[in-house]
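K.L.:
what's the 3D shape of this:
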Amino acid sequence: MTKNSLTEDYSKNILVIYADSKKDKLGYGNYLRIISILPNLNFKKFIWISDLQSIKLIKYCNVISSYHTYHSSVGKNFLKYSKNILNLVDDGTSNKTEKFLKSYLDKNLNIKKSGNDLCQLILKKIYKTKKYKLYHNKKKFIKKFKYDLFINYIVPNEWKIKRYPIRLFKNLESKLNLEKNIKIGWQNRSDKIEKYVEKIKNSKIILTIIGLGTHIGMLFNKKIIVLAGPTSFEDLKKYNNKIVFYPKYKCKCQTILLNQNKSCELHRFQSCMHDIDHNKLLNKIKIIL
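P.N.:
Numbers count the residues shown, from 1 in each chain. Predicted structure coming up:
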């Protein structure tokens with residue numbers, strides 16, 4: 001790809017998204033969130049330019065026409081000669097051709113913790129689009145799933161307030177195995193991104209806390225059962241193929257103390273995730289399976 005081959009007409013009809021997981025600190029979930037709203041924009045094609053690690057996940061997104069590393073000659077030329085760029089990495093002054101996401105963010109907020117607003121910010125503030133819908137991969141008709149249920153439970157230490165007790169997940173597994181002959185798959189800490197995605201892709205139903213597993217499940221239009229205590233996100237409301245479980249008692253963890261990774265007074269000694277009704281969750285899974 002050179003300047004001559006990147007014609008004026010072609011360049012106007014594509015949007016280049018420039019990302020770098022080591023620098024922009026958005027996280028994979030936000031990448032998938034952003035990609036799901038891109039078709040609302042007035043472009044025919046979307047080109048993803050990033051580090052190789054990000055591409056290992058982005059390659060599953062059929063919204064993206066092609067993807068290249070920013071070290072490659074093709075990637076460099078797209079960044080150099082394209083007429084429209086959504087820059088997630090650098091901080092600059094947005095203009096008619098290049099939009100710098102960071103220039104629209106509140107400087108006092110961690111960019112990753114601004115995720116709930118990213119879709120609306122990109123569409124409404126940057127590209128002046130009033131209404132939007134989410135776009136996901138077309139349904140994949142797999143005749144035989146490897147797993148009937150995939151349990152996505154791992155949460156990084158910085159988000160430990162979102163954890164659902166592992167003993168309760170194990171309890172669910174034991175009771176389901178007693179009553180139903182089902183295959184249950186588990187998220188493993190040692191799984192690389194490709195294996196992690198394949199497990200979700202090859203599962204009938206995803207049981208997940210709010211996190212990357214939720215976004216990947218949505219990517220493949222999976223039936224997802226989501227455990228949402230102190231965190232949730234706006235775009236989940238627009239996803240139809242989901243069931244969301246909340247704690248029995250509403251608390252302030254979500255709105256006030258989330259960014260501090262603390263619980264409110266009601267849940268001072270344990271996360272409100274412990275208050276999700278375990279029996280209702282079990283019964284719902286049994287009905288679906």
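K.L.:
Just give the closest residue to His68, not the sequence neighbours.
P.N.:
Gly75 (3.8 Å; Cβ to Cβ, 6 or more residues apart in numbering). Quick note: C-beta positions are derived from backbone N, CA and C, even for glycine.
K.L.:
typed the wrong thing, it's Glu98
P.N.:
Ile85 (4.4 Å).
K.L.:
so the residue nearest to His68 makes contact with Thr69?
P.N.:
Yes: in this structure, Gly75 is within contact of Thr69 by Cβ atoms under 8 Å, at 5.4 Å.
K.L.:
which residues do these two both contact?
P.N.:
Ile49 (Cβ atoms under 8 Å, 6 or more residues apart in numbering).
K.L.:
Just want to know which of the two has more residues nearby.
P.N.:
Higher neighbour count among Gly75 and Thr69: Gly75, with 20 against 16, using other Cβ atoms under 10 Å.
K.L.:
next SSE after the strand or helix carrying that one?
P.N.:
Using DSSP states H and E, Gly75 sits in helix 73-81. With elements assigned by DSSP H and E, the helix or strand that comes after helix 73-81 is strand 85-87.
K.L.:
low-confidence ranges in the stretch 101-250 of the chain?
P.N.:
107-116, 139-143, 250 (pLDDT under 70).
K.L.:
if you set the cut-off to 90 instead, what comes out?
P.N.:
102-121, 125, 130-134, 136-144, 155-163, 165, 177-182, 210-211, 228-238, 246-250 (pLDDT under 90).
K.L.:
returning to that earlier point: what residues does the residue nearest to His68 make contact with?
P.N.:
49, 68-69.
K.L.:
cool, and Ile243?
P.N.:
So Ile243 contacts 223-226, 284, 288 (Cβ under 8 Å, 6+ apart).
K.L.:
just Ser82 next, same as before
P.N.:
6, 11, 14, 16, 47, 97.
K.L.:
Leu57 now?
P.N.:
Here Leu57 is in contact with 28, 31-32, 193, 197, 216 (Cβ under 8 Å, 6+ apart).
K.L.:
Relative to Lys59, which of these is nearest.
P.N.:
Comparing the contacts of Leu57 against Lys59 with Cβ to Cβ places Val197 closest, at 9.3 Å.
K.L.:
Considering the contacts of Leu57, which possesses the most neighbours?
P.N.:
Busiest of the contacts of Leu57 [other Cβ under 10 Å] is Ile216, holding 25 neighbours.
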